[in-house]
Structure formats: C-alpha cells, structure tokens
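J.: Got a sequence here, can you build the structure:
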Amino acid sequence: MAEKIMIVSGKGGVGKSTICTGVAAGLASRGGRVLILETDNGFRGLDISLSVEDAAVYDLADVLESRCEIGDALLRHNRYGMELLCAPLDPSYVPREEQLRTLVLWADRNYDWLLTDCGAGFGPMETMLAKMCDQALIVTTPEPVAVRCGGRVSALLHRAGLHQQRLVINRVPKTLKKSKHVRDLDDVIDLVGAQLLGAIPEAEELGMPSPDKLPFPAYAELDRIARRLMGEDAELVLYH
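T.: Numbers count the residues shown, from 1 in each chain. Purely as a prediction, here's the structure:
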C-alpha cells in the first residue's frame, strides 16, 4: 500500500511544488515507487519542472473522465523513475469524489508513495483529498502572511479529518527578519501548529537536483526530509 501525502500551503509562492519534486526524487532514488499527482487545476507546471512537457498529452481530467487509459497519461522521469499525472488545464474542473477515490485506490495498489501537489489555499480538491490521504505536509516560509495562511490550512485539514500533519519551513534566511508575529522558527511551528519535519535554507536557485550542481545545504535537507518520511533517523539541521 502507498503512503499517501498531501503537500499543501496556505499561500502561493512558498516553494511547495519544488519541495514536492525534491522529496519525490529522494524517495524514488531509494527504490520507492513514487507517483506525483498534480491537483492545482489550471496552473499546471510540474511537467516543465521535471522536463517532461513534450510528452504531456493527457492529464488528470482525461483519466477521471475516461478519455484515456491511465497509463497513457503518466509521465516518467528518466533519471529518478518517478511518475507524474499532470493537473488539468481547466481551472474550473472539479471531479466527483468517487472518481478521485477510485484513482487514489489504484495508486494505493501500484505505488509505495503518492504525493499530491495541491494548489495554494484549501478548495474542493483539498477537502476531498484530506479524506483519502494519510498525512499532510504543510509548506510555509518564515514570513508572517505565509505562516498565518499555513495555520489556517492546518485548521481546515483538521476539520476535514486529516490530523497527521508535518511542517516544512522553506527559504529560511541566514538572518531571520523578526516581526511582532514571527521572532524565530519556534514561532513558525507554534503558529502553524504542526510538527516540524524539515527547515530548508534559502538558496538562490533550487530546481531538480543534478549530479553536477547540488546547492548545499538545500538539497541535502530535501533528501533528509525524504529519509525521515521513510522512518530513518536523519538529523534535523536548523540553519538559522
């Protein structure tokens, strides 16, 4: 059975999709069968991030509406072996819950990990997925607005019944700009209300890892997050 993880954020632009692909790469590089389900309808981008856009013919809506076989819609990343099912281009598309549940049950039988890259905020897709997933990773940055939005998403996840929540703090600067809302990373953890899984230092450029360009320590922490999800005792490093 797959471990089914929602990757969510209250605010856009916090690096949620980058974290999703980086963690997926870490899981796949250790032999895990990984499917990324992109559900940010109307704002598809992971096919470009993973450099598989030329093969993107079908999407999630095509699969759920039986316009193609699921195997025809899956995009495989050549280096890491993980697979992607792209979000629909139609921003108004919302599947029926039973359609989405059938897909999640299929993934449960065929993969070790299902990572859903959700849209910012908390809409109908997130409400449905919260009923089907095992845990949520809430991604935020240390900025007060992002932290407040992360806390709101945590509350909505609890309301939907998903209580297993972990926190990833992205783009932690060398010197945190303090405010009356956020003085340090402990404040971020307390305000969001989820257990810290990882804190990723600020990096000028962070895309898919490549063997010739690994901006340390950002990629190292993404890899440690993958190891923690697998149950390994990976040191939690706070760079701030």
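J.: contacts for the helix or strand containing Arg109?
T.: Arg109 belongs to helix 97-110 when assigned by DSSP states H and E. The contact list for helix 97-110, computed with Cβ atoms under 8 Å, 6 or more residues apart in numbering, reads 1-2, 4, 33, 35, 37, 60, 63-65, 70, 114, 125, 128-129, 131-133. C-beta: built from backbone N, CA, C; applies to glycine.
J.: Pull the very next helix or strand once past that helix out as CSV, backbone CA atoms only.
T.: Remark: after helix 97-110, the chain's next helix or strand is strand 113-120, criterion DSSP H and E. C-alpha atoms of strand 113-120 as CSV (Å, rounded to 0.1, in the frame of the first residue of the first chain):
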residue,chain,number,x,y,z
TRP,A,113,4.3,6.8,-2.3
LEU,A,114,1.6,9.1,-3.6
LEU,A,115,2.4,12.7,-3.3
THR,A,116,-0.3,15.2,-4.2
ASP,A,117,0.9,18.7,-5.2
CYS,A,118,-2.1,20.7,-4.2
GLY,A,119,-3.0,24.3,-5.1
ALA,A,120,-2.4,27.1,-2.7
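J.: downstream neighbour of strand 113-120 in the secondary structure list?
T.: Following strand 113-120 toward the C-terminus (DSSP H and E): helix 124-130.
J.: Give me the average confidence score over whichever helix or strand comes after that following helix.
T.: Sequence-wise, the next helix or strand downstream of helix 124-130 (DSSP H and E) is strand 135-140. The average pLDDT for strand 135-140 rounds to 97.
J.: now for strand 135-140, which elements pack on it?
T.: strand 3-9, helix 16-29, helix 144-160, strand 165-172, helix 185-192 (3 or more Cβ pairs under 8 Å, 6 or more residues apart in numbering; DSSP states H and E).
J.: Columns mean neighbour count and mean pLDDT on top of those, output as a markdown table?
T.: Formatted as a markdown table, the helices and strands packed on strand 135-140 follow (neighbours: other Cβ atoms under 10 Å; pLDDT from 0 to 100):
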| stretch | mean neighbour count | mean pLDDT |
| --- | --- | --- |
| strand 3-9 | 24 | 97 |
| helix 16-29 | 23 | 92 |
| helix 144-160 | 19 | 95 |
| strand 165-172 | 22 | 93 |
| helix 185-192 | 18 | 88 |
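J.: Include distance to Gln99 when you put those into TSV, please.
T.: What follows is the helices and strands packed on strand 135-140, written out as TSV (distance: least, Cβ to Cβ, whole Å):
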stretch	distance to Gln99
strand 3-9	16
helix 16-29	22
helix 144-160	18
strand 165-172	26
helix 185-192	31
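J.: Are we agreed that Ile36 is in a helix?
T.: No - checked against DSSP: H, G, I helix; E, B strand; the rest coil, Ile36 lies outside a helix; its state is strand.
J.: Next one: it from Ser92, what distance?
T.: Going from Ile36 to Ser92 by Cβ to Cβ, to the nearest Å gives 22 Å.
J.: Would you mind telling me which of the two has the busier surroundings?
T.: Ile36 (26 against 7; other Cβ atoms under 10 Å).
J.: what sits against that one?
T.: The contact partners of Ile36, by Cβ under 8 Å, 6+ apart, come to 20-21, 24, 46, 82-85, 115-117.
J.: switch to 10 Å and redo it
T.: Residues in contact with Ile36 (Cβ atoms under 10 Å, 6 or more residues apart in numbering) are 7, 17, 20-21, 23-24, 28, 46, 49-50, 75, 77, 82-86, 113-117.
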